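Trainee: Show me the folded form of this:
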Amino acid sequence: MAVSLSIYICTILQMENFVFAGVAAILAVQPSVYRTWKQLFDQIISNTIGAAISLFFLYYFGESPFIIGIVIILMISLSIKLKMEKNIPLTLVTVIAIMSAKGSADLYFAIERFLVILIGTSTAILVNIFIYPPKYKNKYIQEVETTFQKMSVLMRTAISNELTEASYKEVNKKFKKDLLKLEEKFKLFDEEREKLGKSNELNTREIILFKQMLKVLQEGSQLLENIEEHYQGKIDDEDKIFDQQLEELIKYHEYLLFKYSGKIKGNHRITDNNILLEKDKFYDKVLEFYLVNKEKKLRNMIIASSIVDYSFHLERLEKMINNYHKIRDTKKSEVSNSSTNI
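Mentor: Have a look, this model is predicted:
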């Protein structure tokens, strides 16, 4: 949309080289509204500086490849100095667009290219903010569920060792990649709230809830790393104890995601399925194995400790979900009553 609109505007204004407007529009689109606003001012500054320096070198030294290379090096250095590294690609497009003008005396042609790039940048930013702003919440929840599914496969097979080594590594690699994307997505979400001040009590609680969803996945990732590095089972009973506990925790995690999305009946409780009731027995069993052979089983206590952290954050997530639903339902009730009174 941004590319088409920017090219259309350039066509109406009878500006040549509208391809640069399309390139600028592509580079200007940002993943958040806040970064889009910030990009607008940064792009104006960096593009103006790039255009001014390019025009200076174009007028006095011409458009030889050697001169263009010097200007590019100069603009990269200035952008880093001004802490505008993210604007370097579009700034360099501006430099090349202006310095590829035929003839150093044709400054009007160079300036027109600069305006074409500004049209592309501005159009993309306006589309990004007003027409199709990023929908963080839906994408975040989708990515949480996708990341959890991969973690679920890993957690359920970490002790039983059912997957081939190649398959396990492939799923684990995708899981780590998805987790990094999710962490970046949350930064965007939180940045939006902090910088633009777009929050109320419900939104603030939801952001805290999203942070806890991420934290639980991070704890799960740490647990998987500890299992891979430290687990020394090799005893049927011990393998079974760890495997069962991980299975119950994954079920609990899945239940919480369903509960947040409203897929669980309101009167249903996870304790109805005894998923958490056996937690203390698990710790007793691990301690029992440790006391039998302290040297060989010490490293398994690291895993048990990691399971404690994972369990704790799951329980904390459930409390947050309950509080969030309670406030949300109260808000809906107040709005409904207000409408009825009107």
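
Trainee: Which SSE is immediately downstream of whichever strand or helix holds Y60?
Mentor: Per DSSP states H and E: Y60 is located in helix 33-61. Proceeding N to C from helix 33-61, the next assigned helix or strand is helix 65-81, under DSSP H and E.

Trainee: Which positions in that following helix come out as buried?
Mentor: Neighbour-count burial for helix 65-81, counted by 16 or more other Cβ atoms under 10 Å, picks out 67-68, 71-72, 74-75, 78-79. Just so you know, the C-beta spots here come from the backbone N, C-alpha and C atoms, and that holds for glycine as well.

Trainee: repeat for stretch 56-65
Mentor: Buried, per 16+ other Cβ under 10 Å, within stretch 56-65: 57-58, 63.

Trainee: I'd say V95 and A52 touch.
Mentor: No - at 10.7 Å, V95 and A52 do not qualify as touching, with contact defined as Cβ atoms under 8 Å.

Trainee: So for the two, which sits in the more crowded spot?
Mentor: Per other Cβ atoms under 10 Å, whichever of V95 and A52 has more neighbours is V95, with 23 against 12.

Trainee: any idea how far the more buried one lies from M84?
Mentor: The spacing between V95 and M84, counted by Cβ to Cβ, to the nearest Å, is 14 Å.

Trainee: Same check on Y132?
Mentor: 25 Å.

Trainee: So which of these two has more stuff around it?
Mentor: With neighbours defined as other Cβ under 10 Å, Y132 and M84 compare such that M84 has more, 17 against 11.

Trainee: Looks like the more buried one contacts N47 (just checking).
Mentor: No - when contacts are counted by Cβ under 8 Å, M84 is not listed as touching N47 (10.3 Å).

Trainee: which residues do the two both contact?
Mentor: Residues touching both M84 and N47 by Cβ atoms under 8 Å, 6 or more residues apart in numbering: T91.

Trainee: quick one: the strands in the stretch 151-300 of the chain?
Mentor: Secondary structure of the stretch 151-300 of the chain (DSSP state E, counting those that start in this stretch): no strands present.

Trainee: Find the centremost residue of the chain, please.
Mentor: The chain has K185 as the residue nearest its centroid, 1.9 Å off, counting by Cα atoms, centre = their mean.

Trainee: before we move on, back to that, sort the buried residues of stretch 56-65 by pLDDT and name the bottom one.
Mentor: On pLDDT alone, E63 ranks lowest of those, at 76.
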